[in-house]
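Enquirer: Quick one: sequence and predicted model below, then my questions.
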Amino acid sequence: MTTLPTSTKKKLGLVIDLDICVGCQACATSCKEWNTGGYSAPLSDIQPYGADPDGAWLNRIHTYEAGTGPEGRTVHFPRSCLHCEEPACVTVCPTGASYKREEDGIVLVNPDTCIGCKLCSWACPYGAREYDPAHGVMKKCTLCVDRIYNENLEEEDRIPACVRACPTGARHFGDLGDPNSDVSKLVAAREGYDLLPEFGYKPVNKYLPPRPRRDAYSQDKSTVAAAPIEPSDNEAGTMAAKLFTWADRMLSR
Amino acid sequence: MEPVIARSPEVADEIKTTTCYMCACRCGIRVHLKDGKVRYIDGNKKHPVNKGVLCGKGSAGIMQHYSPARLQKPLLRTGPRGSGQFKEISWNEALDIATEWLGNVRKSNPRRLAFFTGRDQSQSLTGWWAIQYGTSNYAAHGGFCSVNMAAAGLYTFGGAFWEFGDPDWDLTKYFMLFGVAEDHASNPIKIGLGKLKKRGAKIVSINPIRTGYNAIADEWVGIKPGTDGLFVAALIYELLRTENVDLDYLVRYTNVPWLVIDNPGGPDDGLFARDEAGKPLVWDKTAGRVLNGYLPDITPSLSGEITLPDGKKARPVFELMAKRYLDKQYAPESVAEETGVPAEDIRRIAAELADVAFKQEISIDVEWTDWAGRKHDKMIGRPISMHAMRGISAHSNGFHTCRLIHILQILLGSIDCPGGFRYKAPYPKCIPPRLKPKGKTGEVTADEPLGGPHLGFPTSPEDLLVDQNGKAKRIDKAFSWSAPLAIHGMMHMVITNAAKGDPYPIDVLFMYMANMSWNSAMNTGDTLKYLTEKDEWTGAYKIPRIIYSDAYYSEMVPYADLVLPDTTYLERWDCISMLDRPISEPDAPADAIRHPVVKPDRDVRPFQDVLIDLGARLELPGFTNEDGSPTYPGGYPDYMVNHERLPGIGPLAGWRGEDRNTFGIGKKNPDQLERYIENGSFAIHHLEPNQRYYKHANRDYLDWAVSKGFLSNDAPLVFQLYSEPMQKFKLAAQGHGDIQPPDYHRARIERYFDPLPFWYEPFEGDMVSKEEFPIHALTQRPMHMYHSWGSQNAWLRQITNANKLFINRAKAESMDIKDDDWIWLISHIGRVKAQVKLQEGVNPDTVWTWNAIGKRKGAWNLDEDAPEATQGFLLNHLISELLPERSDGYHYSNSDPITGQAAWYDLKVRIEKADVSEGTGTQPVFEAFEVPLDHDVPHVSNFGAEFRPPNPEQSKPPQPSKEDNAKEEADK
């Protein structure tokens, strides 16, 4: 069993806006390309050109439909490690390979001491751990720990690869332990929520819910359409005549 | 103790900027190189297109670059076409063969070369090469992509959705997105949608399928395919009915006051009344007489019959429009059933448009001067913008539907105003641009160049490329009576027509980067037949020689006789030119280059270098000096810097002139490419604030555009809501003029060449039985593969490697169809077997699937049992390139009657459950290709292991043997 730090100095994490995510996979492939040559290198791919291609990905996008008929909606849901405050995946680790960093709260796996027993992936209710069968070790989102402090990168690039790539701006990175951080304010303003809070693992990452729709089924009735008329040939002539009278005000080019 | 980890690993030895080519979007990228290999690709923050972000395709570029499907050497066919049997040959031999084949054709009849390119971004070079060669048969893939959008826009307001404009993402308050529209703006649309969401602007999506962008829309209108024009016409009806149109804008910038001659049966019926100088006339209320409609400060009448000085009668365009669109057929109640959109929703959306346009007007405090020299103290905006692409375009009613959308935009006063839809340079252009297509009888001569461009903008029957009997002069029949405004050509008809010798046979088919034997073919099965069909007497292939260039072993390669292997996008020069389709932003004209950031490790050459080399070997004018030496011995980069189309105008606009710092026109600069590379591989010019809106009528913009050669004069560009060129074709069909359509084309030309857009049912749906084929079938590409090169990409194919047929859940349940059932999808020409996935968010009368996932066995160097080949299916097998036979036996192509746009989305089908005895797996399945490449693809890819930063504590590479240990551990 592995112990957790009593507290962390920061709670670094992601805020993911489900109202904006279009499911383009930019965060998934940018994560893959960064991390396959980074801390977790490689994120191996089995049968990359074969019948059952499957590899280790630290971030995957799922598409769900919620609701039925015209009131239903489609939601794109990016899924990666939530860097929980009390992660069972760490406490269950028999070797200490899984650990939560005291400095910033990032949950990491030390590939040198991981024995690939998969207890952590069984413990994680979010399915966020990725076993790399080619190397027999567990891999997971590192929050790009090799980017966010990297002095070889320009300062503005010291953010996770997925946040850097996201075209719609649906992903945000910051210290969720600091109530005055931009991410904390965003979570407060948009009523960001925890995934499966009932498990008590206290995820650091937050999701922002889709905003209410503004259509025939929504409450927003601020614009009122003109009263309809029964369409007919007669009516078309009357409408045209009325339109021409209106248009006949002095117009100059 | 926590382990010590490397906080600042070295990422790259070198970072090079270039331009992405994972799709047609042309984002700026930074390629991080380590030990000579590509470690990482991210977006260039300084780049105008993507501003640093990068989509799912761009971020998977590494796997495209290192793909095992890359061709290695030139190939010469040794087995039958389609077998995949080739021998490798040297470049010298390949170029000798190509020169001989192409040279023989040029010496006899240059028309017998058909040169067509696919997703090529070097059309200003390929087109110019084809002009010098002298064939009339050249085009790129626009005819089967989005020509309806380009043509409708260019004939209406001198711009287009496509790549020629953008919504004003920063200011718009109401955005309407019609149909599949990812095409040429992957990251810009995503960035834009993000901005709208943050500002709370409303997004309305009109699309039968609720995926991707439609999923995040504030309102999803799940319309029935092909009825968007009817929906838009109903919005126009409502806006006219409720007097919510911008009259000032209409009078100032459009032809609504122009007088149309009312002379039924006469040769001038429906043409504009014009003065002796040819200027269109309006009735001026103040003067009480007709005046030149281009004059400033006139007070034109918008309705009423006018008697012209010559006694003829005429009426203003506005009156004709009102009569057309206030007709009861376009009332919301009348269209609700056909479109599937309730009348009250149409009325509400119309009211929302009116509210935003007229009650939420915005203005920018920037003084500007209009075309007539009048000063305005601010720029007024109607913050409504729209965007559409293939979902509108790929129907046989797409041209008119797109014109209807533009009319809606213009009635609201929202073209190139703050918050509206904005032009991107070199647009706006003359409406339509003045170029005419070349290739008439007498314009194609042995050993001579073509006297002008292949593609242009016909404005009357005189501009068509037909002989005296009305027969097409081009192999694809573009600019003939079957598609008079085929301004991008009709690549989808080339193989069919060439094999049938209709209108004539060809000797050489030369193609680049177009998978025309598979997912870019309409009717793939018959296309394969045409590619391999032999003359029964001579035994020779009906298409005698096929030369093809591609970087990958696509399905088209095995059908070529000679294969010229291209490089990947990271190994090449390219030029995204102002002469073609640059990367301009509304506020900033811009162009870009690609440059080689890594060297090829194979015996391949960039196609553009090869084309220039062939030009010199063929001694084409423009590619050869007087002494016979090549004009561009340095290949494409030499051409990019030193070629001039007109004095001072070259492929690249940046860093020209004596000062080597001028944007636009100027002397060539030998250091130009270095300047581009230093600047992130693009050049940009920022317009002054007073030039940024109303470009069609803005003195400071028009003068600037003339000085840069974008416009030939500074006249204002008057929007053509009523299109006179259309009426000229209609008059010809009615028996007027010297050039008239053959009788079997008359009725069609007369009906569809309507100067005011209208809605009609797409052809296939109208011609096949609604009982037999009741369902619409559509495709779209997944966002992570849109406009991209195949799913052989090791990462992207893990996300999608098989496609299912999506069916509306309630509809499927009514047919007793469940998830994962296998069904037959049947059209009037064939059937495919597919597996089902139920979906809530799809129009009940529509089924759809992801396009171009299905691959042929052996292609792309995938294993033969790859799901792409065993489960992936194409709808192309069901989509005919020809419409059903008419009563007189004539088959029109399955295309828009105006532009020849391939009508992919007109497909109608029925569904039958597959019998269990038919098993699983898709049908049809074609014989596997032999693969002229090594297939020693590893079972496990460890890409990236070599980049792993050393661990500060201990450096231990990953141990594959751990797998066994882990298994043992797990077993305990």
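Expert: Cool, the structure landed. Numbers count the residues shown, from 1 in each chain, chains lettered A, B, ... in the order given.

Enquirer: What segments of the stretch 151-300 of chain B are helices?
Expert: B:186-199, B:212-215, B:228-241, B:247-253 (DSSP state H, counting those that start in this stretch).

Enquirer: Equivalent analysis for the stretch 151-253 of chain A, please.
Expert: A:161-165, A:182-190, A:233-247.

Enquirer: Return the most buried member of these.
Expert: helix A:161-165 (a mean of 27; mean count of other C-beta atoms under 10 Å in any protein chain shown). The C-beta positions use only the backbone N, C-alpha and C, and glycine is treated the same way.

Enquirer: Now find how far off-centre stretch B:817-827 is within its chain.
Expert: 31 Å (C-alpha atoms, centre = their mean, to the nearest Å).

Enquirer: hey, where'd the strands end up in chain A?
Expert: For chain A, applying DSSP state E gives strands covering A:12-17, A:45-46, A:54-55, A:60-66, A:73-79, A:98-100, A:107-109, A:130-132, A:137-139, A:171-175, A:206-208.

Enquirer: Any regions of chain B where pLDDT drops low?
Expert: Scanning chain B for pLDDT under 70 picks out B:790-791, B:952-972.

Enquirer: Show me which strand runs longest in it.
Expert: strand B:831-839.

Enquirer: Dump the C-alpha coordinates for that strand into CSV.
Expert: Only the C-alpha atoms of strand B:831-839 are listed here, as CSV (Å, rounded to 0.1, in the frame of the first residue of the first chain):
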residue,chain,number,x,y,z
ARG,B,831,-26.2,-2.5,-52.6
VAL,B,832,-23.7,-2.6,-49.7
LYS,B,833,-23.8,-4.6,-46.5
ALA,B,834,-23.3,-2.6,-43.3
GLN,B,835,-23.6,-2.9,-39.6
VAL,B,836,-26.1,-0.7,-37.8
LYS,B,837,-25.8,1.8,-34.9
LEU,B,838,-28.9,3.5,-33.6
GLN,B,839,-28.8,7.2,-33.0
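
Enquirer: So which elements touch that strand?
Expert: strand B:805-808, helix B:809-814, strand B:822-826 (3 or more C-beta pairs under 8 Å, 6 or more residues apart in numbering or on different chains; DSSP states H and E).

Enquirer: rerun that using 10 Å as the cut-off
Expert: When contacts are defined as 3 or more C-beta pairs under 10 Å, 6 or more residues apart in numbering or on different chains; DSSP states H and E, strand B:831-839 packs onto strand B:805-808, helix B:809-814, strand B:822-826, strand B:846-850, strand B:908-913.

Enquirer: For chain B, find the nearest of the helices of the stretch 151-253 of chain A.
Expert: helix A:233-247 (3.8 Å; C-beta to the nearest C-beta).

Enquirer: What average pLDDT does that closest one get?
Expert: Average pLDDT, helix A:233-247: 90.

Enquirer: touching chain B at all, that helix?
Expert: Yes. For helix A:233-247, a contact with chain B is found by C-beta under 10 Å from any C-beta of the partner chain, at A:233-247.

Enquirer: rewinding a little: who wins for proximity to B:L531 among the strands of chain A?
Expert: B:L531 lies closest to strand A:45-46 among the strands of chain A, at 34.3 Å (C-beta to C-beta).

Enquirer: right, and the strands of chain A - which one's nearest B:G153?
Expert: When the strands of chain A are ranked by proximity to B:G153 (C-beta to C-beta), strand A:73-79 comes first, at 30.1 Å.

Enquirer: does any part of that closest one sit near chain B?
Expert: Yes. With C-beta under 10 Å from any C-beta as the criterion, chain B is reached by strand A:73-79 at A:R73, A:T74, A:V75, A:H76.

Enquirer: Would you mind listing what in the stretch 301-450 of chain B touches chain A?
Expert: B:301-304, B:316, B:318-319, B:321-323, B:325-334, B:341-356, B:359, B:372.

Enquirer: so of the residues you listed, which ones are in strands?
Expert: Those of these lying in strands (DSSP E): B:P316.

Enquirer: Point out the ones among the residues of the stretch 301-450 of chain B next to chain A that are inside helices.
Expert: B:318-319, B:321-323, B:325, B:332-334, B:343-354 (DSSP state H).

Enquirer: Return a ChimeraX selection command for the buried portion of those residues.
Expert: A single ChimeraX command selects the buried members of these (16 or more other C-beta atoms under 10 Å in any protein chain shown):
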select /B:318,319,321,322,325,332,333,334,343,345,346,347,348,349,350,351,352,353,354
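
Enquirer: Show me the helices in the stretch 801-950 of chain B, by range?
Expert: With DSSP H, counting those that start in this stretch, the ranges of helices along the stretch 801-950 of chain B come out as B:809-814, B:867-870.
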